[in-house]
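Engineer: curious how this folds, go ahead:
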Amino acid sequence: MAYITVDGKNIYYEEYGAGLRPTLVYLHGGPGESCLTYSYQARKLGEHFHVISFDQYGVFRSDAIPEEERAGVKFHVDLIDRMRIALGIKSWIPIGHSFGGMLACWYAYKYPASTDAVIYDCPMWSALHTARAMADVLYPYYVSSGNEEMADVCREILLTPISPREAFDKVMYLEIDDGAREFCHIIKMDAYYDYLDDHIEEPELPREAREKYLTFARKLREEDDFYENYLVYLKKIKKPQLLIVGEYDMTCGKPEQEWFCEHLRNGKMVTFANSAHLSWFEHPKLYTDTIVGFVEGIRK
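Structural biologist: As a prediction, this is how the structure comes out:
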């Protein structure tokens with residue numbers, strides 16, 4: 001396993017396609033998911049480009065975040081750029097999946113000279129918008145299944161003046177049972193585990209390594225910058241932007257997709273049919289081809 005030390009913090013990372021250009025950096029979601037499940041896709045992209053994939057500080061194989069340290073969105077973005085410098089990379093293309101889309105957006109806005117382009121994969125740009133997108137999709141299921149308690153939570157999120165923090169807390173309370181998963185076209189867990197068995201080598205690590213994400217996620221949600229609306233920064237990013245979104249994704253809702261297409265002259269959106277939130281899992285070749293086509297296109 002490879003580590004790089006940044007500000008005294010040991011960050012686990014993987015590197016593919018060394019010597020190729022340009023460089024892509026994968027920013028995982030979760031929050032706290034780790035880059036493990038992306039390893040196969042990183043290898044495939046590494047046949048075309050230089051790819052860096054890493055466990056964010058406080059996650060899985062990277063150092064844990066101590067209780068006394070504050071670690072919000074902007075803290076992590078600044079640390080990511082210092083990691084770029086430590087790796088000797090002049091500039092790169094962030095690929096942000098889910099919560100990683102928030103990191104990618106702020107990174108591209110704050111560090112334009114270090115950003116060649118930016119790719120959003122089913123991104124979360126706003127805690128409030130994501131909460132509303134999820135509530136909007138799940139509400140009909142709760143009504144039809146007679147779960148009035150969960151339907152009421154959805155109504156609160158959708159119909160009342162609620163803060164982003166309150167909305168996100170409430171959507172995390174929603175019950176996602178097997179019926180909801182089927183209703184929302186979320187991947188079947190058996191298929192997901194089969195994919196992991198076929199493509200991902202699971203590292204042998206102690207239980208505490210796997211539970212670090214709990215502290216990571218809690219610390220993010222304690223900071224105000226987790227609840228900012230990063231959607232507004234997209235218009236201020238001058239580099240090319242690609243949005244990949246699943247037809248049934250609940251994280252990046254239809255209003256955000258429409259806003260992206262309407263307001264970004266340097267933006268391109270690609271929708272994956274019969275896909276929800278894990279586009280790189282559900283359509284691996286299409287995912288690789290889409291990113292390769294986008295990056296090759298902006299290099300011409």
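
Engineer: ranking helices and strands of this structure by mean pLDDT, which lands last?
Structural biologist: Ranked by mean pLDDT, DSSP states H and E, the weakest helix or strand in the chain is helix 207-210, scoring a mean of 79.

Engineer: ok, residues contacting it?
Structural biologist: Phe60, Arg61 (C-beta atoms under 8 Å, 6 or more residues apart in numbering). Bear in mind the C-beta positions are built from the backbone N, C-alpha and C, glycine included.

Engineer: so how far is that helix from its chain's centroid?
Structural biologist: What separates the centre of helix 207-210 from the centre of its chain is 21 Å, taken as C-alpha atoms, centre = their mean, to the nearest Å.

Engineer: in that helix, what counts as buried?
Structural biologist: Neighbour counts over helix 207-210 (16 or more other C-beta atoms under 10 Å) mark Ala209 as buried.

Engineer: quick one: average confidence on the next helix or strand after that helix?
Structural biologist: Sequence order places helix 212-222 as the next helix or strand after helix 207-210, per DSSP states H and E. In this model, helix 212-222 has an average pLDDT of 93.

Engineer: run me through the strand neighbours of the next helix or strand along the chain from helix 212-222, direction for each.
Structural biologist: Counting by DSSP H and E, the element after helix 212-222 in chain order, helix or strand, is strand 241-246. Listed by DSSP bridges, the sheet partners of strand 241-246 and their directions read strand 118-121 (parallel), strand 267-272 (parallel).

Engineer: which residues sit against strand 241-246?
Structural biologist: 108, 117-123, 234, 252, 257, 260, 264, 266-272, 275-279, 282, 287, 290-291, 294.

Engineer: ok, the closest residue to Leu231 other than its chain neighbours - contacts?
Structural biologist: In space, and not counting its chain neighbours, Leu231 is closest to Trp125: 4.4 Å by C-beta to C-beta, 6 or more residues apart in numbering. By C-beta under 8 Å, 6+ apart, the contact list for Trp125 reads Gly101, Met102, Cys105, Asn229, Tyr230, Leu231, Leu234, Cys252, Glu256.

Engineer: now restrict these to buried residues only.
Structural biologist: Going by neighbour count (16+ other C-beta under 10 Å), the contacts of Trp125 have Gly101, Met102, Cys105, Tyr230, Leu231, Leu234, Cys252, Glu256 buried.

Engineer: pretty sure the second one sits in a helix.
Structural biologist: Yep, that's Met102 we're talking about. Yes - under DSSP: H, G, I helix; E, B strand; the rest coil, Met102 sits within a helix.

Engineer: what sits against Asn274?
Structural biologist: Counting by C-beta under 8 Å, 6+ apart, Asn274 has contacts His185, Glu247, Tyr248, Glu282.

Engineer: just the buried residues of those.
Structural biologist: His185, Tyr248, Glu282.

Engineer: ok, back up a step: okay if I get the strands paired with strand 241-246 as TSV plus mean pLDDT, distance to Arg61 and mean neighbour count?
Structural biologist: TSV is the format used below for those (pLDDT from 0 to 100; distance: least, C-beta to C-beta, whole Å; neighbours: other C-beta atoms under 10 Å):
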stretch	mean pLDDT	distance to Arg61	mean neighbour count
strand 118-121	98	22	29
strand 267-272	97	29	17
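
Engineer: got CSV for these, with distance to Asn147 too?
Structural biologist: Listed next are those as CSV, based on distance: least, C-beta to C-beta, whole Å:
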stretch, distance to Asn147
strand 118-121, 30
strand 267-272, 29
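
Engineer: hmm, back to that, could you single out the nearest of the contacts of Trp125 to Tyr141?
Structural biologist: Cys252 (19.3 Å; C-beta to C-beta).

Engineer: quick one: Met269 from Val171, how far?
Structural biologist: Note on Met269: its distance to Val171, by C-beta to C-beta, to the nearest Å, is 24 Å.

Engineer: what's the answer for Trp125, then?
Structural biologist: Counting by C-beta to C-beta - Trp125 and Val171 are separated by 15 Å.

Engineer: can you pull out the low-pLDDT segments for the stretch 1-150 of the chain?
Structural biologist: 1 (pLDDT under 70).

Engineer: quick revisit: closest to Arg155 out of the buried ones among the contacts of Trp125?
Structural biologist: Using C-beta to C-beta, the buried ones among the contacts of Trp125 come closest to Arg155 at Glu256, 21.0 Å.
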